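Participant: my questions concern the predicted model and sequence given below.
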Amino acid sequence: MTAVMAAAVYHGRGDIRVEERPVPEVRPGELLVRVATAGVCGTDSGEWDHGPVQHPVHARHPASGHLGPVIPGHEFSGTVEAVGPGVDADWLGREVASCGAVACGTCPPCARGESNRCTTYVGVGLHRDGALAGYVLTPPESCVPLDGLGISLDEAALCQPMAIAVHCASRAGDIEGQTVVVLGVGGIGTFLTYALAESGATVVAVDLDAARLELARELGAHRSVQTSGDDGDAALIRDAIGEDELRVVFEVSGTRGGLATALAVSPPGTRIVAVGIQGRPVEVDLAALTVRELSLIGTNAQVRETDFPRAVELVARRAGRWAAVAPWVLPLEDLVEGALRPMSEGRPPAVKTLIDPWSRTRRPLRGGTS
Ligand SMILES: [Zn+2]
Ligand SMILES: [Zn+2]
């Protein structure tokens, strides 16, 4: 008899069902992880609300070979239950954080240390079955053991979004000692604020929402600016920057207004990292970009070899103090109504929503280790 597990299965737009699925059989080069906690983010709510975008439900994924309904969940932690052929048995029984990135390790981008650009990149929980289930398969290269770090498995599920933030920060180059603006501090902007402050930047957090700004300050923002989404925003931000020299703007809101504000506040030589994904093409004043020598920089995913271990270290620095970011852990049954729907309607229940696939009820985040 095959062992079974509960899994959230994405069948298409607006159609996620909690089903019984066989526990996957461990494959060569991979770990079978008993999932402890999985995070959901805007990518997941987007797939549910207006996807499939990345989920290979209708067309076979060229690298993973997956076709059909898929189990989401690309940010997760758990305990290694089995190792596949070719994997060091040392992994057995260890608690891990995983970023779910599958990269070949040998293509030109991988060889340059840019595995997020791997030509056969696969995301666990995006392009193949993920962690919104009792068990998940993942390569050891996407995992960091939690041994001795002092973080709980719940907190370990925050390492992947932290790695996204670490990668965003790295795209701006050296930020130590520099004044940077983060436009939009919900979701990834919160993690980014923390990652930047911990890396020695002076962070000016900007948002429409006072509660988000308060949390940004708690996580290390030096100044905060509450904007109203109109033409006056740039002046408010300039006032807050004062005499400092602004070097980097992270545009996290993904709105046309946010990008316009980023360009408006940027003095010559500023690097603008476009973190938030614009829903449609927007006009950019390239003449201003040219004569002010601005750089407009993209960012995508994270490099599992460098960004992810750094992210684990950053999460560990704040062990036991993550409840304000992710206060609750929900059961699988609450995935849609408790997380994906409110997120897609712009009213996320918290900065980060976590799921415990083994729980039947909502429970508070467990922080630190005893
Ligand atoms: Zn995510
Ligand atoms: Zn590669």
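Facilitator: Okay, I see it. Ligands and ions are numbered 1, 2, ... in the order given.
Participant: okay, now Ala210: neighbour count?
Facilitator: 10 (other CB atoms under 10 Å). For glycine as for every other residue, the C-beta is placed from the backbone atoms N, C-alpha and C.
Participant: scratch that, Leu332
Facilitator: 23.
Participant: so what's it up against?
Facilitator: Ala6, Ala7, Ala8, Val18, Leu132, Ile355, Pro357 (CB atoms under 8 Å, 6 or more residues apart in numbering).
Participant: got it, and His66?
Facilitator: By CB under 8 Å, 6+ apart, the residues touching His66 are Pro56, Arg60, His127, Arg128, Asp129.
Participant: let's see that with 10 Å instead.
Facilitator: Contacts for His66 (CB atoms under 10 Å, 6 or more residues apart in numbering) come out as His55, Pro56, Val57, Arg60, Val122, Leu126, His127, Arg128, Asp129.
Participant: count of neighbours near Ala319?
Facilitator: Ala319, neighbours per other CB under 10 Å, totals 16.
Participant: wait, a strand at it?
Facilitator: No. In this structure, Ala319 is coil, not part of a strand, as judged by DSSP: H, G, I helix; E, B strand; the rest coil.
Participant: show me the domain layout of this protein.
Facilitator: Annotated domains of the chain cover 4-158+322-364, 165-297 [automatic domain parsing].
Participant: now the end-to-end length of the last one.
Facilitator: From the first residue to the last, domain 165-297 extends over 14 Å; the measure is CA to CA, to the nearest Å.
Participant: residue contacts, the closest residue to Leu158 other than its chain neighbours?
Facilitator: Excluding its sequence neighbours, the residue lying closest to Leu158 (CB to CB, 6 or more residues apart in numbering) is Val315, at 5.3 Å. Taking CB under 10 Å, 6+ apart, we find Val315 in contact with 97, 146, 149, 151, 155-163, 191, 194, 322, 325.
Participant: alpha carbons of the one helix or strand Val315 maps to, in CSV - could you do that?
Facilitator: For Val315, the host element (DSSP states H and E) is helix 307-317. In CSV, the C-alpha atoms belonging to helix 307-317 read as follows (Å, rounded to 0.1, in the frame of the first residue of the first chain):
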residue,chain,number,x,y,z
ASP,A,307,21.8,34.5,-1.6
PHE,A,308,20.1,31.7,0.2
PRO,A,309,22.8,30.9,2.9
ARG,A,310,23.1,34.7,3.5
ALA,A,311,19.3,34.8,4.0
VAL,A,312,19.3,31.9,6.5
GLU,A,313,22.0,33.8,8.4
LEU,A,314,19.8,37.0,8.4
VAL,A,315,16.7,35.1,9.6
ALA,A,316,18.8,33.5,12.3
ARG,A,317,20.0,36.9,13.6
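Participant: any idea how far it is from the middle of the chain?
Facilitator: The chain centroid and the centroid of helix 307-317 are separated by 13 Å under CA atoms, centre = their mean, to the nearest Å.
Participant: buried sites along that helix?
Facilitator: Neighbour-count burial for helix 307-317 flags Asp307, Phe308, Pro309, Arg310, Ala311, Val312, Leu314, Val315, Ala316 (criterion: 16 or more other CB atoms under 10 Å).
Participant: what is the neighbour count of the nearest residue to Val282 once chain neighbours are set aside?
Facilitator: Of all residues not flanking Val282 in the chain, Arg256 sits nearest, at 4.8 Å (CB to CB, 6+ apart). Residues lying near Arg256 (other CB under 10 Å) number 15.
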